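**Student:** Kindly generate the corresponding structure for this input.
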Amino acid sequence: MVRPRGKPGEAYRRAGADILFPAGHNPEDLRFLGERLAPPLMYMTGAGGLSAGPISKAELAGLGFRLIVDPTTPFLAMHKALRQSYAALANGAPDPTLGSAPGAEQDEVHRTIGLEAMLEIERRTVEKGR
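**Tutor:** From the prediction side, this is the model:
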């Protein structure tokens, strides 16, 4: 990592930044940044999440990293699930993730999005037929 002569992270904080996202790629860089910049800091993992990364969640927390994001691992997991699902469909086989009970997962989706609460709002607010 090239060590900046100025202190841009501190300047951003003074300018009103609520959180800083310093780009460190190895444990030494992350420690250098975390020891010099006030929290909260943000860290973005690579593919595989924290378990595949160079530094632990506890150490990141100790350095002031309060927001940890992983945009890649869920995307890769979704892609793999779609590939497997379409392969099963093409072969006339059950989905390898859902097995023979896709209804349970559909119910879980409905709970996650709060479908019943949305339907209740619709029942109270949508005009009835004349």
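**Student:** In the longest helix anywhere in the chain, which residues are buried?
**Tutor:** If you go by DSSP state H, the chain has its longest helix at helix 72-91. By 16 or more other Cβ atoms under 10 Å, the buried positions in helix 72-91 come out as T73. Any C-beta I mention is one placed from the backbone N, CA and C, and that applies to glycine too.
**Student:** One more: stretch 10-25?
**Tutor:** Buried residues in stretch 10-25, counted by 16+ other Cβ under 10 Å: L20, P22, G24.
**Student:** Just put the residues you listed in a markdown table and tack on distance to A52, pLDDT and secondary structure.
**Tutor:** Output for the buried residues of stretch 10-25, formatted as a markdown table (distance: Cβ to Cβ, whole Å; pLDDT from 0 to 100; DSSP: H, G, I helix; E, B strand; the rest coil):
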| residue | distance to A52 | pLDDT | secondary structure |
| --- | --- | --- | --- |
| L20 | 24 | 91 | strand |
| P22 | 20 | 87 | coil |
| G24 | 16 | 81 | coil |
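**Student:** For the longest helix of the chain, what is the distance to the chain centroid?
**Tutor:** Chain-centre distance of helix 72-91: 18 Å, with Cα atoms, centre = their mean, to the nearest Å.
**Student:** For that helix, list the C-alpha coordinates in CSV.
**Tutor:** Only the C-alpha atoms of helix 72-91 are listed here, as CSV (Å, rounded to 0.1, in the frame of the first residue of the first chain):
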residue,chain,number,x,y,z
THR,A,72,-19.8,-11.3,-3.8
THR,A,73,-20.4,-14.4,-1.8
PRO,A,74,-24.3,-14.2,-1.8
PHE,A,75,-24.2,-13.5,-5.6
LEU,A,76,-22.0,-16.5,-6.2
ALA,A,77,-24.2,-18.7,-4.1
MET,A,78,-27.3,-17.5,-6.0
HIS,A,79,-25.6,-18.2,-9.3
LYS,A,80,-24.7,-21.7,-8.2
ALA,A,81,-28.2,-22.4,-7.0
LEU,A,82,-29.7,-21.1,-10.3
ARG,A,83,-27.3,-23.3,-12.3
GLN,A,84,-28.2,-26.4,-10.3
SER,A,85,-31.9,-25.6,-10.4
TYR,A,86,-32.0,-25.2,-14.2
ALA,A,87,-29.9,-28.3,-14.7
ALA,A,88,-32.3,-30.3,-12.6
LEU,A,89,-35.2,-28.8,-14.5
ALA,A,90,-33.6,-29.8,-17.8
ASN,A,91,-33.2,-33.3,-16.5
